[in-house]
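Participant: Give me the fold of what follows.
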Amino acid sequence: MSRLLRAELARARARPAVWVVAGLVLLGVLGLVVTAWWETRPPSTTERAEARVAYEAAAADWRETGDEQLRACRDAQRSLPPGDPGAYDCALLEPVPERFLPLRPGLWQLLEERVETTGTVLALGALLVGASLVAAEFASGAVATWLTFAPRRGHVFASKVAAAVLVSVPVVVAAFVVLAGLLAAVAHLRGVETFPPGVPETAWTDVLGRAGRWAVVAVGAALLGAGLGFALRHVGAVLGVVVWWAAAVESALRLVWPAAGWLPLSVNLAAWTWGSSGYGVPACRPDPAAPGLEVCEEVWHVVGAGQGAAVAGTLVVLALVLGLVSFRRRDVP
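Facilitator: Numbering: from 1, shown residues only. Below you'll find the predicted structure:
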């Protein structure tokens, strides 16, 4: 089994498609870094002039009404119970020049906004890697040749699936490391703060946790691609199933059957990566004020992280089982 796995990894390294997908993923990460560089650009001369005019107007108003505003704010704050989320530092009411400049996101915000996009790109890339590593060998006839040297199909199946995962993991890790490193460099060069006001330093754990969960999603996507590759034996067919799922389940199903809103992967992956998600189901009843008409309201159903992981994991397991049964039962040309 270990010899089979080493051979599969060597074959994977020799496949141009794997390197193309990895390159496209890293190119997408670089695109996100470029947008971060643009968002953190210093204010232009025109923006600084406009900010100065706005600040001077606010400062003039503060000189006239500042005491009254502070008194009203402090009276309102004293009426709040301890620990109320509406608590506010009244000293922040006084205008300062920096507040009138265009807002530039800090490092934490840059990362937080890009984790989901990076994870989505990685999941799609891992799906393609898993499908191409398996289906391309069926298309070329290499699987039939390989079975003459390793006739135990279960071992061949396991080695190819494991190779798809082991090839995807370094790409996932490299993408997140490159993203974090380059965004840190952007924040340093642009001179922006690490955390915006009001965000605790423990927020790093939330970002790292979401990145880790997206890494798990990418591994699951590699397994899904490999399973579909064994079942369908052609990359084009795998992509066709993905497009069908996106059109039928992710889009149309929620319109035709709203109660099945728990099934789309977008809902379940959001629940897994964010901790919870949800979907709305319209509930209608006769309108007592207008006979023959109905009054409808949307009832929100929550999907937890556990349910999201269970639904997505079930789809991956079904694809793997389908691929294994197909590989063991069907002839290999």
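Participant: give the contact list for the residue lying closest to Ala139 once chain neighbours are set aside.
Facilitator: Spatial nearest neighbour of Ala139, excluding adjacent residues (Cβ to Cβ, 6 or more residues apart in numbering): His234 at 6.1 Å. C-beta coordinates here come from the backbone N, C-alpha and C atoms, glycine included. His234 makes contact with Ala135, Phe138, Ala139 under the criterion Cβ atoms under 8 Å, 6 or more residues apart in numbering.
Participant: and of the residues you listed, the nearest to Leu269?
Facilitator: Ala135 (23.6 Å; Cβ to Cβ).
Participant: Could you check how far that closest one is from Glu116?
Facilitator: According to Cβ to Cβ, to the nearest Å, Ala135 and Glu116 sit 28 Å apart.
Participant: With Val317 instead?
Facilitator: In this view, Val317 and Glu116 are 25 Å apart by Cβ to Cβ.
Participant: Tell me both backbone torsions, phi and psi, for the residue nearest to Ala139.
Facilitator: phi -160, psi 130 (degrees, to the nearest 10).
Participant: residue ranges with poor pLDDT in this protein?
Facilitator: By pLDDT under 70, the weakly predicted segments of the chain are 1, 82-88, 146, 196-201, 333.
Participant: hey, which helix is longest across it?
Facilitator: Taking DSSP state H as the criterion, the chain has its longest helix at helix 153-190.
Participant: and stretch 75-84, how far from the chain's centre?
Facilitator: Centroid separation between stretch 75-84 and its chain, computed with Cα atoms, centre = their mean, to the nearest Å, is 38 Å.
Participant: list the helices and strands the host helix or strand of Ala226 packs on?
Facilitator: Using DSSP states H and E, Ala226 falls within helix 203-232. If you count contacts as 3 or more Cβ pairs under 8 Å, 6 or more residues apart in numbering; DSSP states H and E, helix 203-232 packs onto helix 107-140, helix 153-190, helix 235-245, helix 265-274, helix 305-329.
Participant: With mean neighbour count and distance to Cys90 as added columns, please give these in CSV.
Facilitator: Formatted as CSV, the helices and strands packed on helix 203-232 follow (neighbours: other Cβ atoms under 10 Å; distance: least, Cβ to Cβ, whole Å):
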stretch, mean neighbour count, distance to Cys90
helix 107-140, 22, 26
helix 153-190, 18, 31
helix 235-245, 15, 53
helix 265-274, 21, 34
helix 305-329, 16, 39
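Participant: tell me the centre residue of this structure?
Facilitator: Nearest to the mean C-alpha position of the chain, by Cα atoms, centre = their mean, lies Glu116 at 2.6 Å.
Participant: Hmm, Thr273 and that residue touching each other?
Facilitator: Yes: between Glu116 and Thr273 there is a contact under Cβ atoms under 8 Å: 7.0 Å.
Participant: Give the intersection of the neighbour lists for the two.
Facilitator: Joint contacts of Glu116 and Thr273 (Cβ under 8 Å, 6+ apart) are Arg210, Trp214.
Participant: what helices or strands is whichever strand or helix holds Cys284 leaning on?
Facilitator: With elements taken from DSSP H and E, the one containing Cys284 is strand 276-286. When contacts are defined as 3+ Cβ pairs under 8 Å, 6+ apart, strand 276-286 sits against helix 265-274, strand 294-304.
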